[in-house]
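Asks: predicted model, plus sequence, below.
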Amino acid sequence: MIKRIVIKVGSAVLSENRVLAIARMTNLVELIASLHVKGYEIILVSSGAVSAGYSKIQLNKKELANKQALAAIGQPILLSTYETLFKKFDILIAQVLVTSANFHNSEQDNRVVKTIDTLIKNRVLPIVNENDATAVEELVLGDNDQLSAYVASHVDADLLVMLSDIDAYFDKDPNVHSDARARLYVKEILKCALEKEVTPHNEFATGGIVTKLKAASYMLEHNKPTFLASGFNLKNVSSFLLDKKHIGGTLFSRRSLEW
């Protein structure tokens, strides 16, 4: 049964014209609030700190020190915005900053899991993000797509939902081929798809479809499902999560979901 859901939202969704996209954040918060009311345990993995910082000071993001500084500036802005939006639904939030290294050390892993479990037990919404200001290796090589898969697996979530500027996983590149078709269901991801070049579509993004496929592949290896859908228009993900109707987006799973 689906009870615990990790929702990952990317920078492409959270930022527009180099500032936070408040309207899209509001729609996301409303969706999470609706799931919260239904009793689902939600963990939000949110990008957006660097873009939020950039809205205040325009440093060169190509320099690591600047990017880390932007993350440090933007993190409280991002969380303050979330706090204001969730307060309307009487939902208390908590920030959980981690690195992928936290999930490769059993002691640190247990601490993260216990913290998240305690927050959820007390009906507090954990908002997870990479600790970009200090996690050098993760900031350069990692991304929140992979982090969300780590989180979902280690906290024993029943489903990972990835919201992005990518509507679904297509049979060919929709930016090149007009006849590209979205794949509703995927049971296996080919190795060649995972080895393609990473192509982010937004200046603040670090991934693209490849990092999402890697995250979904990680989840499949752990026998857990992933749902990929647009974060710009929440129609497909809302239908999937609230109405249990799969009208769009891609479900990566080797088994049928039990709601």
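Replies: Looks like it arrived, so ask away. Since the structure is predicted, the reported quantities are computational estimates derived from the model, not experimental observations.

Asks: only C-alpha atoms from now on, for both contacts and neighbour counts.
Replies: Fine.

Asks: what residues sit buried inside stretch 22-36?
Replies: 24-36 (16 or more other Cα atoms under 10 Å).

Asks: what does stretch 223-242 give?
Replies: Buried, per 16+ other Cα under 10 Å, within stretch 223-242: 224-234, 236-238, 240-241.

Asks: now stretch 32-51
Replies: Result for stretch 32-51 [16+ other Cα under 10 Å]: buried residues 32-36, 40-51.

Asks: of those residues, which belong to helices?
Replies: Counting by DSSP state H, these place 32-36, 49-51 in helices.

Asks: which one of those residues is nearest to Asn66?
Replies: Val50 (9.6 Å; Cα to Cα).

Asks: so what's that closest one closest to, chain neighbours aside?
Replies: Ala71 (4.3 Å; Cα to Cα, 6 or more residues apart in numbering).

Asks: and whichever strand or helix holds the one you found, how far out from the chain middle?
Replies: Using DSSP states H and E, Ala71 maps to helix 64-87. Mean-position distance between helix 64-87 and its chain equals 16 Å (Cα atoms, centre = their mean, to the nearest Å).

Asks: who does whichever helix or strand comes after that helix pair up with?
Replies: Next helix or strand after helix 64-87 toward the C-terminus (DSSP H and E): strand 92-98. Strand pairing for strand 92-98, using DSSP bridges, gives strand 124-130 (parallel).

Asks: got the CA coordinates for the partner strand in PDB?
Replies: Taking Å, rounded to 0.1, in the frame of the first residue of the first chain, the C-alpha atoms of strand 124-130 are listed here in PDB:
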ATOM      1  CA  VAL A 124       5.900  17.800  10.500                       C
ATOM      2  CA  LEU A 125       6.900  18.000   6.800                       C
ATOM      3  CA  PRO A 126      10.600  17.300   6.200                       C
ATOM      4  CA  ILE A 127      12.100  19.400   3.400                       C
ATOM      5  CA  VAL A 128      15.300  17.800   2.300                       C
ATOM      6  CA  ASN A 129      18.100  19.400   0.300                       C
ATOM      7  CA  GLU A 130      21.800  18.900  -0.300                       C
END
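
Asks: can you give me how far that strand is from the chain middle?
Replies: Worked out by Cα atoms, centre = their mean, strand 124-130 lies 11 Å from the chain centre.

Asks: what does that strand contact?
Replies: For strand 124-130, contacts defined as Cα atoms under 8 Å, 6 or more residues apart in numbering pick out 42-47, 91-100, 116, 119-120, 138-139, 144, 147.
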